[in-house]
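Student: Give me a model of this one.
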Amino acid sequence: MPELPEVETSRRGIEPHLVSHEITEIVVRNPKLRWPIPSIITNCIGHRITAVKRRAKYLLVETQAGTILIHLGMSGSLKVLAQHETVLKHDHVDICLSSGMCLRLNDPRRFGAVLYTELPWQEHKLLTSLGPEPLSDDFSPSLLFQSAKRRSIPVKQLIMDNHVVVGVGNIYACEALFRSGIHPQKAANKVSATRYANLCQHIKEVLAQAIEQGGTTLKDFSNADGKPGYFKQELAVYGRQNQACHSCGEHIQATRIGQRNSFFCPNCQR
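Tutor: As a prediction, the model looks like this:
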């Protein structure tokens with residue numbers, strides 16, 4: 001599943017091609033994605049795109065009339081290409097632009113979403129209960145520590161809770177916990193404030209580094225320009241079960257936490 005760095009990489013890739021251009025047509029080949037594509041999305045036709053933003057894993061295409069919300073789901077990807085380019089099997093939606101280009105959503109599994117709101121997008125029901133952005137000042141060590149005080153769930157589940165902080169998906173949770181020396185199964189309320197300060201900093205660092213390098217290469221994901229991300233070569237634990245830890249040489253182990261594969265070093269993480 002594309003995680004926050006992959007979505008931010010997509011945002012940065014498509015933004016220069018969309019902003020200031022008018023939407024001339026919206027072609028919906030398959031309206032049955034995770035949720036049905038609302039017919040009122042056509043309200044933005046004839047209006048210019050004023051900004052392309054991101055909230056959690058949602059891309060927000062702002063127009064003078066309203067905002068298109070895009071979620072890539074499990075396997076979605078976006079490309080900017082000429083409107084006459086050949087349509088592939090899973091190309092479900094085109095947002096056509098006055099430049100002659102279009103933003104095309106390809107989503108083989110159809111777990112993605114294309115929605116629309118005329119309200120300020122911050123008031124959309126899918127966004128109102130989300131926690132702070134991990135790279136913002138609102139995400140702080142004190143917030144993380146206070147969120148954990150009465151929760152005995154594994155610390156990895158805590159930092160993947162979108163009500164606590166958005167966008168810390170499975171890959172980057174594993175990597176941040178490794179850098180912090182915290183075992184992913186440790187009870188959230190048993191981690192000290194000092195260690196949460198360290199973890200908060202490493203969450204910010206690992207996500208910022210992944211964004212800078214273009215995200216993580218996954219079999220279903222490519223950037224807006226069609227190229228894969230490059231952060232995979234920097235992964236310390238994720239996907240490295242039975243391989244030697246780069247720090248101590250111990251074999252990386254894997255376990256299931258919250259129905260997700262979790263990778264850790266049993267020697268470095270306590």
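
Student: From now on I want contacts and neighbour counts done on CA atoms only, so please keep to that.
Tutor: Will do.

Student: Need phi/psi at the spatially closest residue to residue 188 that is not a sequence neighbour.
Tutor: Using Cα to Cα, 6 or more residues apart in numbering and skipping the chain neighbours, the partner closest in space to residue 188 is residue 155 (4.3 Å). Main-chain torsions, residue 155, degrees, to the nearest 10: phi -60, psi -30.

Student: Any stretches of the chain with poor pLDDT?
Tutor: For the chain, the stretches flagged by pLDDT under 70 are 1, 215-233.

Student: In the record's domain split, what are the boundaries for it?
Tutor: Domain ranges of the chain: 4-123, 141-264, per the TED database.

Student: Those: which one's closest to residue 270?
Tutor: Closest to residue 270 of the domains of the chain is domain 141-264 (Cα to Cα; 4.8 Å).

Student: Just tell me which of the domains of the chain ends up closest to residue 132.
Tutor: Using Cα to Cα, the domains of the chain put domain 141-264 closest to residue 132, at 5.1 Å.

Student: about what we covered before: give me the number of residues near the residue nearest to residue 188?
Tutor: Per other Cα atoms under 10 Å, the neighbour tally for residue 155 reads 25.

Student: hang on, the earlier thing: out of the domains of the chain, the one nearest residue 133 is which?
Tutor: Comparing these against residue 133 with Cα to Cα, the closest turns out to be domain 141-264 (5.6 Å).

Student: Distance of the residue nearest to residue 188 relative to residue 49?
Tutor: As judged by Cα to Cα, to the nearest Å, residue 155 and residue 49 stand 40 Å apart.

Student: quick one: the strands in this structure?
Tutor: Ranges of strands within the chain are 23-28, 49-55, 58-63, 67-71, 77-82, 91-97, 101-106, 113-117, 253-257, 260-264, based on DSSP state E.

Student: Just give me the longest helix of the protein.
Tutor: As assigned by DSSP state H, the longest helix anywhere in the chain is helix 193-213.

Student: Any buried residues in that helix, and which?
Tutor: For helix 193-213, the neighbour count (16 or more other Cα atoms under 10 Å) marks 193, 196-208, 210-211, 213 as buried.

Student: Would you mind writing the CA trace of it as PDB?
Tutor: Extracted in PDB, the C-alpha atoms of helix 193-213 (Å, rounded to 0.1, in the frame of the first residue of the first chain):
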ATOM      1  CA  ALA A 193       8.700  10.100  27.900                       C
ATOM      2  CA  THR A 194      12.400  10.200  27.000                       C
ATOM      3  CA  ARG A 195      12.000   7.300  24.700                       C
ATOM      4  CA  TYR A 196       8.900   8.800  23.100                       C
ATOM      5  CA  ALA A 197      10.900  12.000  22.400                       C
ATOM      6  CA  ASN A 198      13.500   9.900  20.600                       C
ATOM      7  CA  LEU A 199      10.800   8.000  18.700                       C
ATOM      8  CA  CYS A 200       9.000  11.200  17.700                       C
ATOM      9  CA  GLN A 201      12.200  12.500  16.200                       C
ATOM     10  CA  HIS A 202      13.000   9.300  14.400                       C
ATOM     11  CA  ILE A 203       9.400   9.200  12.900                       C
ATOM     12  CA  LYS A 204      10.000  12.600  11.500                       C
ATOM     13  CA  GLU A 205      13.500  11.700  10.200                       C
ATOM     14  CA  VAL A 206      12.500   8.500   8.500                       C
ATOM     15  CA  LEU A 207       9.500  10.000   6.800                       C
ATOM     16  CA  ALA A 208      11.400  13.100   5.700                       C
ATOM     17  CA  GLN A 209      14.200  10.900   4.300                       C
ATOM     18  CA  ALA A 210      11.800   8.700   2.400                       C
ATOM     19  CA  ILE A 211      10.000  11.700   0.900                       C
ATOM     20  CA  GLU A 212      13.400  13.200  -0.200                       C
ATOM     21  CA  GLN A 213      14.400   9.900  -1.800                       C
END
